[in-house]
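K.L.:
Here is my input; please provide its structure:
(chains A and B)
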Amino acid sequence: MELTEKRKKKDVGRTVFLCTVLSVPISNFLIFWLYVNFDSILMAFQYNKGLEVYWGFYNFTRLWGDITSASSTFWMSMKNTMIFFLTNLLITLPISLLLCYFFFKKIWGYKAYRFIFYIPSLVSASIYVVLFTYLIRTSGPLGMIIKSFGGTPKALLSSSETAFDTILMYTILTSFGGNIILFGGAMNHIDGSILEAAKIDGCQMGTEIFKIVIPLIWPTLSTLITFAFVGMFSASGAIMLFLEDGAEGLKASTLSYWIYAQVYYSGEYYYPATIGILLTAIGLPISLGVKKFLGNTMEAVEM
Amino acid sequence: MLKMTKKEKAVYIAVFVIFVLYSVYIILPLAFCFNGSLKGSGAEFMKNMVSIPKKPKFENYVTAINTLELNRNTFWDMTVNSILFAGGTTFFGIMSSTFLAYAISKYDFKIKNFLYALALFVMIIPIYGSLPANYRLLKQLNFTNSWLYLLSTAGGFGFNFIVIHSFFEGVSREYSEAAFIDGAGHFRVFFQIMLPMALPSITAIVITAFIGSWNDYMTPLLYLGKMPTLSSGLWAYNEKMKYTANQPVYFAGVLISLIPIVVLFLAFQNTIMQKVYAGGLKG
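P.N.:
Numbers count the residues shown, from 1 in each chain, chains lettered A, B, ... in the order given. This next block holds a predicted model:
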C-alpha cells in the first residue's frame, strides 16, 4: 500500500517536471514557429489598398510580373544571392578548412592567427563595416595609396559597377570566423597518432588533407554544407550597412535584404510573405535532397 | 615529431606569409580606428585620416562615454541594452534547448520521438519570408520596443538542442538513478546533478550565442528600435551624424564597446575551440 502511494507520488512529480520543462519550448514553438509560419502563408494571400486588407491572388500576380521581367529587383536579388551562396560554398568553406588544417598542424604563431582570424566574427559587422568604408574612401588610406601611385581613386560604394563586388570581397574576407571554430573543434579531436603513422608511411600533405583529415571531419563538413543549402536563399552580405536604402539603385540587393528592407523601411508585410512562400517551395526539396545525399550526419553531433 | 620535407617547408613559408598579410588586413581597420580615436577633432581626422596625432587626445574615451547619444539613449543605456539583449536571448534560448534536450534524452514519454524528429525537421526546413508575420505578431503582442521581446527567443529546437541532446545522451542514467534512490526529486536531480555536469559544454554554446547576439544589429533595429544596443546604436549614430560627427569620439566609443566581448572571448577561447564542433568525428 505504502509502495503504491510512493510510486503515485513519484509519477506525479515526474509528470509535473516534464510538463514544466516541456511547456517552454513547446509553447514557444507553437506560437513563434507554427503560428507565425501558418500566418505567413495566409499573408501571402492578403494585400492592402489604403487601410483595407483584401484576400486574393494579387501578390502572386505581382510576383509573376516580377519573375517574368528580366530587369526586376527579384532577378537582380536572386542573382546576387546565388553569388553569395556559391562563394560561401566554393570559396569560404574550403579556405576555412585549409586555415584550420594549418592551425591544427601548429604553424608558427597559430594561436595568435586563430584569434586574429576570428576578430571579424567578434566585432559587430555594424562597426567593422563602418571602419572598412572609411578605409576605402577616396580620401581614406586606400585612396591615398592609389594617389601616391599616380592613379585616381574611385568611390567604390557609390558606383553600381563596383558596389556589389566591393561588398562581396569584404564578405569573403571576413567570413572565416564561425567555420574556424567548427572545423578547429573537429580537428582538435583527431588522434595525432593516425597522422604520425601516415607520415611514417610517406604520406604527403595533400594526401593527408584529402584522404585522412577530410574523411575524419566529414560529419562536420557535411553538416556545414547542408546548412549552407538550407540557408541558400538567405545568403547575403552586410548590404544594409554598406548601402542602407540605396541597394536596389546600386544593383546590390539580395533576397534576404530585399525582404528585410520591405518590412523595415516600407512596413510592407504581404508581398514579402509571398516571395518567402515561393523561395520555401524551391528550397525545401533542395535541402531535403542535399541532406539525403550527404547522409544523416547531423544526428551525430558531439561535444 | 617528424621532420618536414623541403616541399612542405616551402608550403609552410608561403602559408605563413599569406597569414601575415591577412592578419594585417584584419587588424588594419582596428588600428585605423585606434589612431583616429586619438585625433583632436573631426576636422583634423578628415584632413588626414592616417596621420599619427601629435598630441594624442585620450580624453576622447571619456567624452565618448559621456556624450555619445542616440534618441536620448546614452552610451551607458546602449551598453545596458546590449547586456540585456545578448544575455536575455542567450539565457532564454539555451534554457529552452536544455530543458527539451534533457527531457528527451533522459525520460520516456509518448511524444518523445515525435519531438526529436520535429527538432531535426525544424533545423532542415528552409523557411523564408516569415519575418513579416513574426514582426506583425510581436507588434500585436506589444513585444516590440519592450523586453518582453526576449520571451519570443525561447525557442528550444534547432542546432543548440542537437548539441546539448548529444551531451545528455552520453551521460549515464546511473547518476540520476542513484539520486532518486536517495530521495531527490526530478527538479533537484536536473538542477543539482545533471545541469552542473553539462555546464562545460553548455558554456561553450552560451559564449558563442552571447557573442552572436551582442553583435546582432538587424534584430534590435527591427524589434527594439527605441532601445538601441551598442551594435545597432553606434551604427545608427554614425548614419545620423554622417556629416557632423566627431569621428575621434565615435571611434573611441567603438573601441570601448569591443572590450567586454573581446575579454569574454579571450577568457573562454580554449573552451570554445575544444567544445564546439558540429557533426562529430568519423571512426
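K.L.:
Around the residue in the stretch 201-303 of chain A that chain B sits nearest to, count how many other residues there are.
P.N.:
The minimum distance from the stretch 201-303 of chain A to chain B, using Cβ to the nearest Cβ, falls at A:Gly276 (1.2 Å). C-beta: built from backbone N, CA, C; applies to glycine. Neighbourhood size, A:Gly276 [other Cβ atoms under 10 Å in any protein chain shown]: 27.
K.L.:
One more: A:Asp11?
P.N.:
A:Asp11: 10 neighbours (other Cβ under 10 Å).
K.L.:
Look up phi and psi at residue 157.
P.N.:
I went with chain A, as the question did not name one. A:Leu157 adopts backbone torsions of phi -90, psi -10, taken as degrees, to the nearest 10.
K.L.:
hm, I was asking about chain B
P.N.:
phi -80, psi 170.
K.L.:
how much space between it and B:Gly40?
P.N.:
53 Å (Cβ to Cβ, to the nearest Å).
K.L.:
okay, which residue is most central for the chain?
P.N.:
Using chain A here. What sits nearest the mean C-alpha location of chain A, by Cα atoms, centre = their mean, is A:Ala235, with 5.4 Å.
K.L.:
ah, no, chain B please
P.N.:
So for chain B, Cα atoms, centre = their mean, it's B:Ile211, sitting 1.9 Å from the centre.
K.L.:
so what pLDDT did that one get?
P.N.:
At B:Ile211, the predicted lDDT confidence score is 92.
K.L.:
Compute the distance between it and chain A, please.
P.N.:
6 Å (Cβ to the nearest Cβ, to the nearest Å).
K.L.:
Determine the three-state secondary structure at the residue of the stretch 1-150 of chain B found nearest chain A.
P.N.:
At 1.2 Å from chain A, B:Gly129 is the closest residue in the stretch 1-150 of chain B, using Cβ to the nearest Cβ. Recorded secondary structure, B:Gly129: coil (DSSP: H, G, I helix; E, B strand; the rest coil).
K.L.:
for A:Asn48, same thing?
P.N.:
A:Asn48 falls in the strand class when you classify it by three-state DSSP.
K.L.:
If I follow the layout properly, it ends up in contact with A:Tyr270?
P.N.:
Yes - A:Asn48 is in contact with A:Tyr270 according to Cβ atoms under 8 Å; the separation is 6.8 Å.
K.L.:
So these two - more neighbours on which side?
P.N.:
Per other Cβ under 10 Å, whichever of A:Asn48 and A:Tyr270 has more neighbours is A:Tyr270, with 22 against 12.
K.L.:
who touches that one in this structure?
P.N.:
Applying Cβ atoms under 8 Å, 6 or more residues apart in numbering or on different chains to A:Tyr270 gives the contacts A:Met43, A:Ala44, A:Gln46, A:Tyr47, A:Asn48, A:Asn59, B:Pro132.
K.L.:
Now restrict these to buried residues only.
P.N.:
Among the contacts of A:Tyr270, those buried by neighbour count (16 or more other Cβ atoms under 10 Å in any protein chain shown) are A:Met43, A:Ala44, A:Gln46, A:Tyr47, A:Asn59, B:Pro132.
K.L.:
Of all the residues in the stretch 1-150 of chain A, which one is nearest chain B?
P.N.:
With Cβ to the nearest Cβ, the shortest gap between the stretch 1-150 of chain A and chain B falls at A:Pro25, namely 2.6 Å.
K.L.:
and that residue, what helix or strand is that in?
P.N.:
helix A:2-29 (DSSP states H and E).
K.L.:
what pLDDT, on average, does that helix get?
P.N.:
For helix A:2-29, mean pLDDT rounds to 84.
K.L.:
Excluding sequence neighbours, find me the nearest residue to A:Met78.
P.N.:
Distances taken as Cβ to Cβ, 6 or more residues apart in numbering or on different chains place A:Leu255 nearest to A:Met78, at 6.3 Å, with adjacent residues excluded.
K.L.:
what does stretch A:73-89 contact?
P.N.:
A:63, A:66-67, A:69, A:164, A:168, A:171-172, A:175, A:225, A:228, A:232-237, A:248, A:251-258, A:275.
K.L.:
let's see it at 7 Å
P.N.:
A:66-67, A:164, A:168, A:171-172, A:175, A:228, A:232-233, A:235-237, A:248, A:251-255, A:258 (Cβ atoms under 7 Å, 6 or more residues apart in numbering or on different chains).
K.L.:
ok, now stretch A:105-125?
P.N.:
Contacts for stretch A:105-125 (Cβ under 7 Å, 6+ apart): A:99, A:102-103, A:128, A:174, A:176-178, A:180, A:184, A:238, A:241, B:12, B:15-16, B:19, B:23, B:26-27, B:211, B:215, B:217, B:231, B:258, B:261-262, B:265, B:269.
K.L.:
Just the buried ones among these, please.
P.N.:
Neighbour counting by 16+ other Cβ under 10 Å classes A:99, A:102-103, A:128, A:174, A:176-178, A:180, A:184, A:238, A:241, B:12, B:15-16, B:19, B:23, B:26, B:211, B:215, B:217, B:231, B:258, B:261, B:265, B:269 among the contacts of stretch A:105-125 as buried.
K.L.:
Contacts only, for A:Leu22.
P.N.:
Each residue near A:Leu22 by Cβ under 7 Å, 6+ apart is listed here: B:Phe99, B:Leu100, B:Ala103.
K.L.:
Name the nearest residue to the second one, sequence neighbours excluded.
P.N.:
Closest residue in space to B:Leu100, ignoring its immediate chain neighbours: B:Gly156 at 3.9 Å, by Cβ to Cβ, 6+ apart.
K.L.:
Spell out which helix or strand contains that neighbour, please.
P.N.:
Judged by DSSP H and E, B:Gly156 forms part of no helix or strand.
K.L.:
and it, backbone torsions?
P.N.:
phi -90, psi -20.
K.L.:
Can you list the low-confidence ranges for the chain?
P.N.:
Defaulting to chain A. For chain A, the stretches with pLDDT under 70 are A:1-10, A:244-250, A:296-303.
K.L.:
nope, chain B
P.N.:
Using pLDDT under 70, chain B drops low at B:1-2, B:243-244, B:275-283.
K.L.:
Give me the domain ranges for it.
P.N.:
B:1-67+B:246-268, B:77-232 (automatic domain parsing).
K.L.:
okay, those, which one's buried deepest?
P.N.:
Across the domains of chain B, averaging neighbours per residue (mean count of other Cβ atoms under 10 Å in any protein chain shown) puts domain B:77-232 on top, at a mean of 19.
K.L.:
Tell me the secondary structure of residue 132, please.
P.N.:
Defaulting to chain A. Secondary structure, three-state DSSP: A:Phe132 is helix.
K.L.:
Return the residues in contact with it.
P.N.:
If you count contacts by Cβ under 7 Å, 6+ apart, then A:Phe132 has A:Tyr170, B:Pro29 around it.
K.L.:
quick one: it and B:Gln247, what's the gap?
P.N.:
Taken as Cβ to Cβ, the span from A:Phe132 to B:Gln247 is 15 Å.
K.L.:
ok, the residue of the stretch 1-150 of chain B closest to chain A to A:Glu268 distance?
P.N.:
For B:Gly129, the distance to A:Glu268 (Cβ to Cβ) stands at 12 Å.
K.L.:
in the stretch 151-283 of chain B, which spans are helices?
P.N.:
Secondary structure of the stretch 151-283 of chain B (DSSP state H, counting those that start in this stretch): helices located at B:159-170, B:174-181, B:186-188, B:195-215, B:218-223, B:230-240, B:247-275.
K.L.:
Mind giving me the packing neighbours of the third one?
P.N.:
Contact analysis of helix B:186-188 by 3 or more Cβ pairs under 7 Å, 6 or more residues apart in numbering or on different chains; DSSP states H and E lists helix A:2-29 as its packing neighbours.
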